[in-house]
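1. attaching a predicted model along with its sequence, questions to come.
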Amino acid sequence: MKFILIFGPQAVGKMTIGHELEKITSLKLFHNHQTIELLQPYFGFSPEMWRISDLIRKEIFEQMAQNDKAGLIFTYVWAFDQPNDWEFIEQACTIFESKGHEVCFVELEAALEERLIRNRTPHRLQHKPTKRDVEQSEKNLMLSMEQHRLNSLPGEITRKNYIRIQTKDLAPDVTAYLIKQRFHLK
């Protein structure tokens, strides 16, 4: 089994590329908004919502790591300046690696102008109801950029199974194919 972690800032294309990767491999996509959209109506964007979201995600990781599926694709907005995000990533990787599974990191990047355009795409809004208030979503996107570092620094990711992709000029299906080739996904 392979655990493919696709990370990068909001609206960089994580979920869209994850959907394309799911189409051309036998891996299943679990995008980060699946837990957010489940919990946000009950708890808002509160610390309790994030705590429960992490619990659900980790439980899904535990169960997936114990089966014989080909693998799992997970998307995440990783704030590199936040120790608890590093801890979450380490825990997720440990769940899979402790069962002998391979972990692969895919970092996506794109300029702010491109991400603001993508923030309004029908595909994104279809799968992420909390993004449908586009004005608020754009404010959150801008604020998170001001408050956090959402892409790694050169050399910060030291894993051998790592690729960084500039997505501005790449179609999602082309990016998915690059990921499939790089990590020999079936």
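-> It's in.
2. most centrally placed residue in this structure?
-> In the chain, the C-alpha closest to the average C-alpha coordinate belongs to Thr75, at a distance of 1.6 Å (CA atoms, centre = their mean).
3. where does the closest residue in space to that one that isn't next to it in sequence land on pLDDT?
-> Spatial nearest neighbour of Thr75, excluding adjacent residues (CB to CB, 6 or more residues apart in numbering): Lys14 at 3.8 Å. All C-beta spots, glycine's among them, are computed from the backbone N, C-alpha and C. Reading off the per-residue confidence, Lys14 sits at a pLDDT of 98.
4. and Lys14, how many neighbours?
-> A total of 27 residues lie near Lys14 under the criterion other CB atoms under 10 Å.
5. and if you look at the one 3 residues further on?
-> A count of nearby residues for Ile17, using other CB under 10 Å, gives 28.
6. for it, list the residues it contacts.
-> Ile6, Leu108, Thr167, Pro172, Thr175, Ala176, Ile179 (CB atoms under 8 Å, 6 or more residues apart in numbering).
7. apply 6 Å and report the result again.
-> Pro172, Thr175, Ala176 (CB atoms under 6 Å, 6 or more residues apart in numbering).
8. what's the distance between the second one and Ile89?
-> It refers to Thr175. 21 Å (CB to CB, to the nearest Å).
9. try the first one
-> The spacing between Pro172 and Ile89, counted by CB to CB, is 23 Å.
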